[in-house]
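In: predicted model and sequence below, questions to follow.
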2 protein chains.
Amino acid sequence: MNGPKRSLPTLEDVAQRAGVSTATVSRCLNEPAKVSEATRSKVMAAVEALKYTPNFGARAIAANRTGIIGAIIPTMENSIFARGIEAFQKSLVAVNATMIVASSAYDPDQEAKLIRTMVGRGADGLLLIGTDRDPDTYAYLNERNIPYVIAWACSPDPTQSYVGFDNHAASTKLVAHAIAQGHRSIAYISAKIATNDRARERVLGALRAIKDAGLNPEIMHLSQTDYSVDNGRSTATNILQTTPETTLIICGNDVLAVGAIQAAQSLGRKIPDDLSIVGFDDIELATVIHPALTTVHVPHSDMGRIAAEALLTLTKTPQPPIRIRLKTRTMERGSLGPPPTA
Amino acid sequence: MNGPKRSLPTLEDVAQRAGVSTATVSRCLNEPAKVSEATRSKVMAAVEALKYTPNFGARAIAANRTGIIGAIIPTMENSIFARGIEAFQKSLVAVNATMIVASSAYDPDQEAKLIRTMVGRGADGLLLIGTDRDPDTYAYLNERNIPYVIAWACSPDPTQSYVGFDNHAASTKLVAHAIAQGHRSIAYISAKIATNDRARERVLGALRAIKDAGLNPEIMHLSQTDYSVDNGRSTATNILQTTPETTLIICGNDVLAVGAIQAAQSLGRKIPDDLSIVGFDDIELATVIHPALTTVHVPHSDMGRIAAEALLTLTKTPQPPIRIRLKTRTMERGSLGPPPTA
DNA sequence: AGCTACAATGTAATAGCTTACATTTCGCCA
DNA sequence: TGGCGAAATGTAAGCTATTACATTGTAGCT
C-alpha cells in the first residue's frame, strides 16, 4: 500500500485545468471574496477533480505563517488540561488553525525543549501553562516574535498575555471558609512548589488565609508530592498516622483529594464528621466520590476557548498584551464540615 | 513585545558568516560526516552566534517530509483517549517527531474534514480511532501514500494497520459472565451504533453472549445516546422507570455506567443487590465510585505507545500492514452480582 | 614529478505557494 | 458611446533549504 510517493497535483496543475493563473487559484483558496463567482466555481471544480491539497511547506514558506499553534501542558491525564485543550483546539479548528500538543510531565527542562521544538516546527503561537519558566525561554520567544499566552495563572509581568485565574486568591477564599468552621490542625498536600507556580500560589494563598484569621501559620503542615490519586492516598495515610489530630486536609488539587478521601475512609475516618478534606479544580471525580468534594471550581473549558481567541488575535497583528482573569467559585459539598470537637 | 516580525537568520547568513557555501552549512546540519572537522566547527560557531534555526517550511518543501504525525480522536474529555494520546505523544517526542491532534466529537464528517486538514498540514502519518469511515477517506489516504494506524479496534481489512483490541470478544466475555449470574432482564445503554464501530461491536458482542447462552436476544433492550455521565443518568432513570424489572444494565462505557449508578442510587436501588451495572474501559472513575464498577480493562496507554511505534515504522519505509491485537481483561468489582430473585 | 582516486566544497536548479504590482475587464453614468 | 473607477485577473518575484552535479584540493602511489 505504500509505494513510492507519487507526485501530487500542484497549484499550477489546477490553474492550467481551470484555465486561469496560479494567483487566481491561490486567491480562490485563501480569499474567495476577491474572485468572481464564475471563476471560483471553475477553479473549485478543478480542485475537486484533481483532489488538490496545497503543499504545506510551500504555503508556510510563502506566507511566512503555518497556521499551527502549539500547546504545551503538564499532562493530558489530568482532565483539567484535557478539557482546556479540547476547548482550545475547537476554537482553533473553527478558524482553520491546527494545534500541536505536547506534555512536559511538569518538567521545566522538558518544557523548555518542547518550546524550541515547536517553534522549530513552525508554530505561529504558543499556549503555555503557568508562569514559572527560565528567562532565557521568554527571551527566545521574544526574539523570534512568537506570541504566547499563559493559562491557568496570571502573570505579574505586565508585558505578558494570560488567560488565567488567581490561584492565590481562590485558595485564600477556600481556606478562609474552612478555617471559619473551626479547624486548627491542618495538613496541606501540594505538588512540588519549587517549579510549579500554581501549586505555590495555592499554598501561599492558604497561609494568607490562616494569617488573616489571626492564627499561627505553623498550624498548617505542608507535604509535597506529585499529583496522583495514589500519592494523595499514601500522603494522607501518612499524615493521619503521624498527626491523627489533623481535622482538615487541604489538597492542591482534586486528584490528590480523591486519594486522601479514600485513605481516610480506609482508616475508618468519617468524612466530614471526623475529618474534612478539600480540593481544587472541580473535576468530574469531585462529584462522583462520596462524600462529594468541597473544592474550587475553575472554568477550564472557558479558559481554553478564550486563550485560543487571545492567541489568534496576537498572531494576527501586533497587539498590547491580552490579560484576562477568570472567576473561580468555591463549591461547597459534603467533604467539608466543622471539626469534631467544635 | 510583539513588534513586526524581524527576519530570522537564514542558511545564507550562516554560510556567509562561516565563509562557506550554503550547501556546506546544510550538510553540516544534516550529514555532518560529509564535512571536514575544521569546516564543521566554523559553521557550528556561526550557527550558535546567529542562533540559527532552519526554517520549517523550507525544509519541508525541500525534503518532502515534516516529521509531523496527526492524531484524530473522538474527544479529549474521555480519559481513555487522553491517556492513549499522552503515551502516543511521548513516543513521538522521543524520536523528534511532533504530534498534531484534533477531536472530531464522534462526528464522521468532521473527522473526514480533519483528516484532510491534517494531510494538508503536512502530516507524515495519521492515528485514527476505530474503523468506521467513508471509503473515500481511505482512498484519499492511499492515493497520497499517507500511512495510518487504526486504534481502539481491529480492522477486518487485511491491508490496514491497527493497534487495537477486540471489542466484540471483550463484550461477549463480560456479558456472558453477567448472564451466568442469572440476569434475564437486561438493558443496554450504548453510544449511537450507526457510526461507531466500537460501540456496535460491543452491542453485538453482548447479543452473541445472550445467544450463546441459549437465551432469546429480546431479553436485552437497547438504548442509544451520546457518551456522558448525564446521559447515563437520564437514560438509566428512564429504563428503571419504564421497565423496573430490569436487573442488569450494561453500559457501553464507564462514563455512562457512572451516570447509571448514580441514577439507580437516587431511585433507591441498591447495587448490586437490586440491580447490577457494568461498564467498559476501566477509567479512574470506575474505582472511585461506590460500589466500584465491574468493567473491561483496556490497556489505553500501551495502545498509544505501540501505535506510535507502528506508525513511525510505517512512515519510514514501505511496509506490510502492522496488525496488533492487545488483550483486555474483565475487572470484577462490586457493581455486578446475581439478580435479586436468583 | 605526475597521476589517480577520493574527499571536500561550491554552484545553481528546484520545490510550490503567496502577493505586490501591473494589466485587463466590466459596469455605469454622463 | 466614451470614459472612469472598481473589480477581476495575470505576471513574476520572492521565500529558504536541499541536493545533483561540477569543481577544487589532497593524499598516496609509482
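Out: It's in.
In: and the stretch 101-250 of chain A, which residues reach chain B?
Out: A:101-103, A:114, A:116-122, A:142-145, A:147, A:159-160, A:229 (CB under 8 Å from any CB of the partner chain). C-beta: built from backbone N, CA, C; applies to glycine.
In: per-residue confidence at A:Asn55?
Out: Per-residue pLDDT puts A:Asn55 at 88.
In: and the one residue in the stretch 101-250 of chain A that gets nearest to DNA strand C, how many neighbours?
Out: Proximity of the stretch 101-250 of chain A to DNA strand C (CB to the nearest atom of the strand) peaks at A:Asp124, 12.7 Å away. When neighbours are counted by other CB atoms under 10 Å in any protein chain shown, A:Asp124 registers 22.
In: next: A:Ile261.
Out: Neighbour number of A:Ile261 under other CB under 10 Å is 31.
In: so it belongs to a helix, correct?
Out: Yes: read with DSSP: H, G, I helix; E, B strand; the rest coil, A:Ile261 is one of the residues of a helix.
In: measure it to chain B for me?
Out: 9 Å (CB to the nearest CB, to the nearest Å).
In: list the residues that contact that residue.
Out: By CB atoms under 8 Å, 6 or more residues apart in numbering or on different chains, the contact list for A:Ile261 reads A:271, A:277, A:289, A:291, A:293, A:335.
In: cutoff 6 Å now
Out: Neighbour list for A:Ile261: A:277, A:289 [criterion: CB atoms under 6 Å, 6 or more residues apart in numbering or on different chains].
In: give me the pLDDT for it.
Out: Model confidence at A:Ile261, given as pLDDT, is 98.
In: ok, it to DNA strand D distance?
Out: 54 Å (CB to the nearest atom of the strand, to the nearest Å).
In: from A:Glu332, how far off is that residue?
Out: Distance, A:Ile261 to A:Glu332, using CB to CB, to the nearest Å: 16 Å.
In: and for A:Pro32?
Out: Using CB to CB, A:Pro32 is found at 53 Å from A:Glu332.
In: and the helix or strand of chain A with the lowest mean pLDDT, what does it pack against?
Out: One helix or strand of chain A scores below all others by mean pLDDT, DSSP states H and E: helix A:56-63, with a mean of 88. Helices and strands touching helix A:56-63, by 3 or more CB pairs under 6 Å, 6 or more residues apart in numbering or on different chains; DSSP states H and E, are helix B:56-63.
In: thinking again about what came up before, and the residues of the stretch 101-250 of chain A next to chain B, which of them are in strands?
Out: Per DSSP state E, strands hold the following members of those: A:101-103.
In: out of those residues, which is nearest to A:Asn167?
Out: A:Ser103 (20.2 Å; CB to CB).
In: so, low pLDDT: which residues of chain A?
Out: A:1-7, A:342 (pLDDT under 70).
In: got the domain ranges for it?
Out: Domain assignment for chain A by automatic domain parsing gives A:11-54, A:67-166+A:299-328, A:167-298.
In: the longest one: how far from the chain's middle?
Out: Right, the one you point to is domain A:167-298. Centroid displacement of domain A:167-298 relative to its chain, using CA atoms, centre = their mean, to the nearest Å, is 21 Å.
In: for it, measure first residue to last.
Out: The straight-line separation of the ends of domain A:167-298 (CA to CA, to the nearest Å) is 10 Å.
In: can you check the second one too?
Out: For domain A:67-166+A:299-328, the first-to-last residue distance is 32 Å (CA to CA).
In: what about the residue nearest the centre of chain A, distance to B:Asp302?
Out: Among the residues of chain A, the one closest to the centroid is A:Phe81, at 4.6 Å (CA atoms, centre = their mean). Applying CB to CB, the value for A:Phe81 to B:Asp302 is 21 Å.
In: next one: A:Ser21
Out: Relative to B:Asp302, and taking CB to CB, A:Ser21 is found at 52 Å.
In: comparing these two, which residue is more hemmed in?
Out: Remark: of A:Ser21 and B:Asp302, B:Asp302 carries more neighbours, 17 against 13, as counted by other CB under 10 Å.
In: got the buried residues for the strand or helix carrying the more buried one?
Out: If you go by DSSP states H and E, B:Asp302 is part of helix B:300-316. For helix B:300-316, a neighbour-count test (16 or more other CB atoms under 10 Å in any protein chain shown) marks B:300-312, B:314-315 as buried.
In: where does A:His221 fall, helix, sheet strand or coil?
Out: strand.
In: who's in contact with it?
Out: Contacts of A:His221 were listed using CB under 6 Å, 6+ apart, and they are A:Ala187.
In: swap in A:Gln265?
Out: Applying CB under 6 Å, 6+ apart, no residues contact A:Gln265.
In: which residue packs closest to A:Asp132, ignoring adjacent ones?
Out: A:Asp197 (4.3 Å; CB to CB, 6 or more residues apart in numbering or on different chains).
In: oh, that last question was meant for A:Ala199, not what I typed.
Out: A:Ala191 (4.0 Å).
In: distance of A:Gly57 from A:Ala257?
Out: In terms of CB to CB, A:Gly57 sits 48 Å off from A:Ala257.
In: these two: who's more crowded?
Out: Neighbour totals were compared for A:Gly57 and A:Ala257, and A:Ala257 leads with 30 against 23 (other CB under 10 Å).
In: give me the element that one is part of.
Out: A:Ala257 belongs to helix A:254-266 when assigned by DSSP H and E.
In: buried set for that helix?
Out: For helix A:254-266, the neighbour count (16+ other CB under 10 Å) marks A:254-265 as buried.
In: how about stretch A:43-52?
Out: Result for stretch A:43-52 [16+ other CB under 10 Å]: buried residues A:43-44, A:46-47, A:50, A:52.
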